[in-house]
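Q: generate a structure from the sequence data that follows.
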Amino acid sequence: MTLGTWLYTKFKGQKVGEDDIGNVYYRSSRKRAGNREERWVVFAGESEASIVPPEWHSWLHHTTDEPIKAQRESWHKPHQCNLTGTEDAYLPPGHDRMGGNRLVATGDYEAWSPDG
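A: Residues are numbered from 1 along each chain as shown. Down below sits the predicted model:
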């Protein structure tokens, strides 16, 4: 966090809440374009937008007036940030970094033809 953001948060920010990751969300009474209040997040770690959970994302973007805590079902996975470009990114079988060996075509593919 920059010094300017820290000062602005300290003097103008009103804490709204915190998510499970530790990010803290603020609002200001100052109005912006469209007569909307300012809203921002102070990240617990690295400033990475993809770690903001959906309920807080909708609040930050003025989709909802208050953050809606989504009810978690037993089958829901915890929120995970975008892993693209990291060592943990998904690589399909046959990707160059996975050895580059693709499965042999089985011959069950039939190309579509406009003639019928």
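Q: in a strand, residue 28, correct?
A: Yes: checked against DSSP: H, G, I helix; E, B strand; the rest coil, residue 28 lies within a strand.
Q: was I right about it contacting residue 12?
A: Yes: using CB atoms under 8 Å, residue 28 makes contact with residue 12 at a distance of 4.8 Å. All C-beta atoms are positioned from the backbone trio N, CA, C, and that covers glycine.
Q: among these two, which residue is more densely surrounded?
A: Neighbour tally, residue 28 and residue 12, criterion other CB atoms under 10 Å: the higher count belongs to residue 28, 16 against 13.
Q: all strands for the protein, in order.
A: 14-18, 24-32, 36-42 (DSSP state E).
Q: ok, residue 38 - contacts?
A: 27-28, 30-32 (CB atoms under 8 Å, 6 or more residues apart in numbering).
Q: run a quick neighbour tally on residue 56.
A: For residue 56, using other CB under 10 Å, the count is 24.
Q: ok, back up a step: output the strands of the chain in a markdown table; the columns should cover mean pLDDT.
A: Compiled in a markdown table, the strands of the chain are given as follows (pLDDT from 0 to 100):
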| stretch | mean pLDDT |
| --- | --- |
| strand 14-18 | 93 |
| strand 24-32 | 87 |
| strand 36-42 | 92 |
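Q: with distance to residue 53 added, can I get the ones you listed in a markdown table?
A: Below are these laid out as a markdown table (distance: least, CB to CB, whole Å):
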| stretch | distance to residue 53 |
| --- | --- |
| strand 14-18 | 11 |
| strand 24-32 | 10 |
| strand 36-42 | 11 |
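Q: which of those strands sits closest to residue 1?
A: strand 36-42 (6.0 Å; CB to CB).
Q: what pairs with that closest one, and is each one parallel or antiparallel?
A: Strand 36-42 has its sheet partners listed here by DSSP bridges as strand 24-32 (antiparallel).
Q: now the lowest-mean-pLDDT helix or strand in the chain: how far from the chain's centre is it?
A: The helix or strand of the chain with the lowest confidence, counting by mean pLDDT, DSSP states H and E, is strand 24-32 at a mean of 87. Chain-centre distance of strand 24-32: 20 Å, with CA atoms, centre = their mean, to the nearest Å.
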